[in-house]
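Enquirer: Build me a model from this:
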Amino acid sequence: MGEVELRAAVARRLRLGPDALAGVRAQRLSFDARVRQRLWRLAVRVWERGEPVPPPVATRPPELARPAPGAARVAVIGAGPAGLFAALDLLAAGLNVTVLERGQDVRARRRALQALNRGEPADGDSNYCFGEGGAGTYSDGKLYARSGDKAEVRAVLETLVAHGAPEDILVSWRPHVGSNRLPEVVQALRATLEGGGAVLRFGARVEELVTRSGRVEGVQVRDVATGTLTSEPCAAVVLAAGHSAFDALELAARAGARLEPKGFAMGLRIEHAQAWLDRHQYGGLRGPCELPASFYELVSQQEGRGVYSFCMCPGGFIVPTTTDPERVVVNGMSLSRRDSPYANSGLVVQIEPGDWCGAAGAAWGWGELLARAGAASELPPAPEADPLFGARLQRALERVAARLGGGRNRAPCQRADLAAEGARARVEPRPTSYRPGATGCDLNELLPPGLHERLRRALADFDRKLPGFASEQGQLLGVESRTSSPVRVARDPESLESAVQGLYPCGEGAGFAGGIVSAALDGRRVAAALARALA
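Expert: I've put the predicted structure just below:
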């Protein structure tokens, strides 16, 4: 509906003449899929005649002034949403900015992704998780934000629109760009940064923080292509390395930052035919009403822990998101049209730091998991004293998945009805969108008991809420282990600085975000705090 038609429709609803309105703008568009509703809902903002109407959202990137000679230099580690948005605001504050990204630029990353999908070993520096744009670029580009100031969220979305994202993300109830369109947005963000004088280096892995008397003075950077190690001086460092950068946590700890364990979630990814889901959710109305691919959100409580759907991808694909040749990790993504014949979602179990301590840890079966992974030596005498223990559990589960998958990035899988029964049967995999392929397995051999039993019971609960969900039509593939960081790099709540002066941890990898928008918001918060400190 165009602006003229929208204004006429709103005027009729308000019983006013069209000339009584100075402006009408859509605010939120959503679809209510409940059986007794099944209708579109559109919220609009209206300005009466005589009221000033604010200008429309900018659809062109801003031009940033270059920093003044002698301005302090900030190194930003990571070119995901936290790092890119931090860099934009630091540059706007008049600081020199160097962005150091271990992966390749957004176009060159595609070669590594194609290799992963062919079953070739993962490139540890450039993959679905590492590279320009971060993990979200090629794993869907969802822009949902469960928390955060509405105006701040809107500002992030408007920045994306100005760099080429579709304007409908400003009003959609489930804003989404798609992995085919996000690369162009990311390239436009890079052009804005470089136009303002920022330096972006790809294939540049930071291996050490250079400190003196507890303060950051620079970074040591390894050129991935040549192996050359150089030292780069800077006044401060923004650590925005992403949730899969285990080595970034270790280098922060070596420099003196304090690490804290935090809650996270692990589980599997489930896949169904999108047509089956559409029939259930829309009752045959998708075609006649031109509805988007349907989705679901499911939550259950099992033995004191939440089990929930995560990163649901209507009309999407399951992709290999490992960062290590010896591990298997899966995630989901969709293209902008969401026209794949499959729907997939993570099904993950909430895990808290207390769950790996003492009797609780034994009940969950973490020692058994580490033994299966050949990593029993990683079980410390007191897991509660190891802030990285949650990350060790992630890595162990991924190792077991790789072994059961049989190599070449194949994922272990089991039919949903068999998984809900806790059956030990191995059957031939169903057709799947996961290109490296799947290998039938017994989930009892993959998941530790605490994880497996909660997931099994939740499947039965989800099947009651969405009949057929845990039937033979569904298939579970593993593992979905990188939902968020299990570690937080502690920082002062006011200055946002870590225990190391001049080190500002932010985003998902540092434990302060959980998605593209929340990571971007945290990057902006850190940039504001850092700019104040260097002023």
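
Enquirer: longest single strand anywhere in this protein?
Expert: With DSSP state E applied, the strand covering the greatest number of residues in the chain is identified as strand 21-32.

Enquirer: In PDB, list the C-alpha atoms belonging to it.
Expert: These are the backbone C-alpha positions of strand 21-32, laid out as PDB (Å, rounded to 0.1, in the frame of the first residue of the first chain):
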ATOM      1  CA  LEU A  21      -4.000  14.700   7.800                       C
ATOM      2  CA  ALA A  22      -0.600  16.200   7.300                       C
ATOM      3  CA  GLY A  23       1.100  12.800   7.300                       C
ATOM      4  CA  VAL A  24       0.700   9.100   8.000                       C
ATOM      5  CA  ARG A  25       3.500   6.700   8.600                       C
ATOM      6  CA  ALA A  26       3.500   2.900   9.200                       C
ATOM      7  CA  GLN A  27       4.900   2.000  12.600                       C
ATOM      8  CA  ARG A  28       4.400  -1.800  13.000                       C
ATOM      9  CA  LEU A  29       3.100  -4.500  10.700                       C
ATOM     10  CA  SER A  30       2.300  -8.000  12.200                       C
ATOM     11  CA  PHE A  31       0.300 -11.000  11.400                       C
ATOM     12  CA  ASP A  32      -1.800 -12.700  14.200                       C
END
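
Enquirer: buried stuff in that strand?
Expert: With burial defined by 16 or more other CB atoms under 10 Å, the residues of strand 21-32 counted as buried are 21, 23, 24, 25, 26, 29, 31. Where you see a C-beta, it was placed from the backbone N, CA and C, and this is true even at glycine.

Enquirer: my guess is the third one contacts residue 46, does it?
Expert: Yes: with contact taken as CB atoms under 8 Å, residue 24 and residue 46 are classed as touching, separated by 5.5 Å.

Enquirer: so what's in contact with the two at the same time?
Expert: Both residue 24 and residue 46 are in contact with residue 10, where contact means CB atoms under 8 Å, 6 or more residues apart in numbering.

Enquirer: Throw the buried residues of strand 21-32 into CSV and include distance to residue 199 and pLDDT, thanks.
Expert: CSV is the format used below for these (distance: CB to CB, whole Å; pLDDT from 0 to 100):
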residue, distance to residue 199, pLDDT
21, 48, 90
23, 42, 89
24, 44, 90
25, 39, 90
26, 39, 89
29, 40, 87
31, 44, 78
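
Enquirer: Could you list the low-pLDDT ranges of the stretch 1-150 of the chain?
Expert: Within the stretch 1-150 of the chain, the stretches with pLDDT under 70 are 1, 35-37, 140, 147.

Enquirer: can you map out the helices along the stretch 101-250 of the chain?
Expert: In the stretch 101-250 of the chain, the segments counted as helices under DSSP state H, counting those that start in this stretch are 109-117, 150-162, 182-195, 246-255.

Enquirer: quick one, what contacts residue 153?
Expert: 145, 517, 521.

Enquirer: picking up where we left off before, residue 209 is nearest to which of the helices of the stretch 101-250 of the chain?
Expert: helix 246-255 (4.1 Å; CB to CB).

Enquirer: what's next to the closest one, contact-wise?
Expert: With CB under 8 Å, 6+ apart as the test, helix 246-255 has contacts from 77-78, 206-209, 211, 216, 239, 241-242, 259, 388, 391, 395, 487, 489, 498, 500, 503, 505, 509.

Enquirer: repeat that for 7 Å
Expert: Contact partners of helix 246-255, identified using CB atoms under 7 Å, 6 or more residues apart in numbering, comprise 77, 206-209, 211, 239, 241, 259, 388, 391, 487, 489, 500, 503, 505, 509.

Enquirer: With only the CA atoms kept, save that helix in PDB.
Expert: Taking only C-alpha atoms (Å, rounded to 0.1, in the frame of the first residue of the first chain), the coordinates of helix 246-255 have been written out as PDB:
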ATOM      1  CA  PHE A 246      37.700 -18.800  22.400                       C
ATOM      2  CA  ASP A 247      41.200 -17.500  21.900                       C
ATOM      3  CA  ALA A 248      40.100 -13.900  22.300                       C
ATOM      4  CA  LEU A 249      38.800 -14.800  25.900                       C
ATOM      5  CA  GLU A 250      42.200 -16.300  26.600                       C
ATOM      6  CA  LEU A 251      44.200 -13.300  25.400                       C
ATOM      7  CA  ALA A 252      42.000 -11.000  27.500                       C
ATOM      8  CA  ALA A 253      42.600 -13.200  30.600                       C
ATOM      9  CA  ARG A 254      46.400 -13.200  29.900                       C
ATOM     10  CA  ALA A 255      46.300  -9.400  29.900                       C
END
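
Enquirer: any idea of the mean pLDDT in that helix?
Expert: Taken as a whole, helix 246-255 has an average pLDDT of 96.

Enquirer: Name the residues of it that are buried.
Expert: Judged by neighbour count (16+ other CB under 10 Å), helix 246-255 contains these buried residues: 246, 248, 249, 251, 252, 255.

Enquirer: on that earlier part again, which of the contacts of residue 153 are buried?
Expert: If we count by 16+ other CB under 10 Å, the contacts of residue 153 have these buried: 145, 517, 521.
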